[in-house]
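Participant: Give the three-dimensional model of this entry:
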Amino acid sequence: MDLHTGYHGGSRPSANVIGLRDRAVILENKTHQKTVWQFISNPGAVLKGGRIIGMWKAKTLKDKLDISITMWETTTSAEQKLLNQLAQEYAAFRLLDIRNYTMESA
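Facilitator: Presented below is the predicted three-dimensional model:
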């Protein structure tokens, strides 16, 4: 399964990887582009087959983590399970427990 999550945009080093004119290569929808490439909240991208199909945000509250995923394309139950697993791994990397995990379709 070719499904990944990652950071992009904002002040992270990968911000220069995707120039403004090249963003449509991995995300055609201009409204979604504005949502993904934010400088303030800097959400992460959900990638599948070299294209962005959703975004995710993490919010730290004391020693807990809230993770929300918004999908713009349909995902299989196996892909949803993988995203949940990746969220768990991210929380473990941050040494935090997940307080709230949500996945929704836009």
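Participant: remind me, longest strand of the protein?
Facilitator: The longest strand of the chain (DSSP state E) is strand 51-61.
Participant: List the pairing partners of it within its sheet, with orientation.
Facilitator: Using DSSP bridges, the strands paired with strand 51-61 are strand 44-48 (antiparallel), strand 64-71 (antiparallel).
Participant: what bridges to the residue nearest to A45 when sequence neighbours are not counted?
Facilitator: Once flanking residues are discounted, A45 sits nearest to I52: 4.7 Å by Cβ to Cβ, 6 or more residues apart in numbering. C-beta here means a position set from N, CA and C on the backbone, and glycine is covered the same way. Going by DSSP bridges, I52 is paired in beta bridges with L47.
Participant: List the residues that contact I52.
Facilitator: I52 makes contact with I26, L27, H32, V36, A45, V46, W72, according to Cβ atoms under 8 Å, 6 or more residues apart in numbering.
Participant: can you do 10 Å?
Facilitator: Residues in contact with I52 (Cβ atoms under 10 Å, 6 or more residues apart in numbering) are 6, 8, 18, 23, 25-29, 32-33, 36-37, 45-46, 72-73.
Participant: Great, nothing more from me.
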